[in-house]
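Q: Need the 3D shape of this:
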Amino acid sequence: MKRYHARKDLLSKIKEDLGSISEEFAELLPEKAEILEVKGKKFVFVDGEALVFESESGYFPTVRGALRIKGDKRNITVDRGAVPYIINGADIMRPGVVA
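A: Numbers count the residues shown, from 1 in each chain. Here you go, the predicted model:
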């Protein structure tokens with residue numbers, strides 16, 4: 001396990017990966033962040049919180065990172081009958097989306 005301050009070039013690459021998902025995610029990272037490497041995977045920490053993680057296909061926000069962006073876009077409302085299945089890990093299917 002290694003922990004170190006992220007270089008600017010690494011942060012630029014991470015922001016580029018996040019920007020391919022959404023510009024809002026690219027704005028998630030400030031100019032300074034820490035990297036924690038565990039078993040070859042990187043986690044990006046800002047102010048002691050893990051906001052981004054590395055996967056095989058690039059960098060993605062963690063749940064904490066996703067909650068930091070403004071959530072007024074891309075919301076859906078599901079039918080009340082679908083909630084127990086979603087809580088147990090089911091995918092959200094079109095018939096369950098009401099708005």
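Q: Tell me the helices and strands packed up against the helix or strand of the chain with the lowest mean pLDDT.
A: Within the chain, no helix or strand scores below helix 23-26, which has a mean of 78 by mean pLDDT, DSSP states H and E. Counting contacts by 3 or more Cβ pairs under 8 Å, 6 or more residues apart in numbering; DSSP states H and E, helix 23-26 is packed against helix 8-21. Just so you know, the C-beta spots here come from the backbone N, C-alpha and C atoms, and that holds for glycine as well.
Q: Please identify the buried residues of the helix it packs on?
A: Using 16 or more other Cβ atoms under 10 Å as the test for burial, helix 8-21 gives 10-11, 14-15, 17-18.
Q: okay, now the domains of this protein?
A: 2-68, 72-99 (automatic domain parsing).
Q: Which of those domains has the highest mean neighbour count?
A: Among those, domain 2-68 has the highest mean neighbour count (mean count of other Cβ atoms under 10 Å), at a mean of 14.
Q: so what's residue 58 closest to, chain neighbours aside?
A: Once flanking residues are discounted, residue 58 sits nearest to residue 17: 4.2 Å by Cβ to Cβ, 6 or more residues apart in numbering.
Q: what residues are up against the one you found?
A: 58-60 (Cβ atoms under 8 Å, 6 or more residues apart in numbering).
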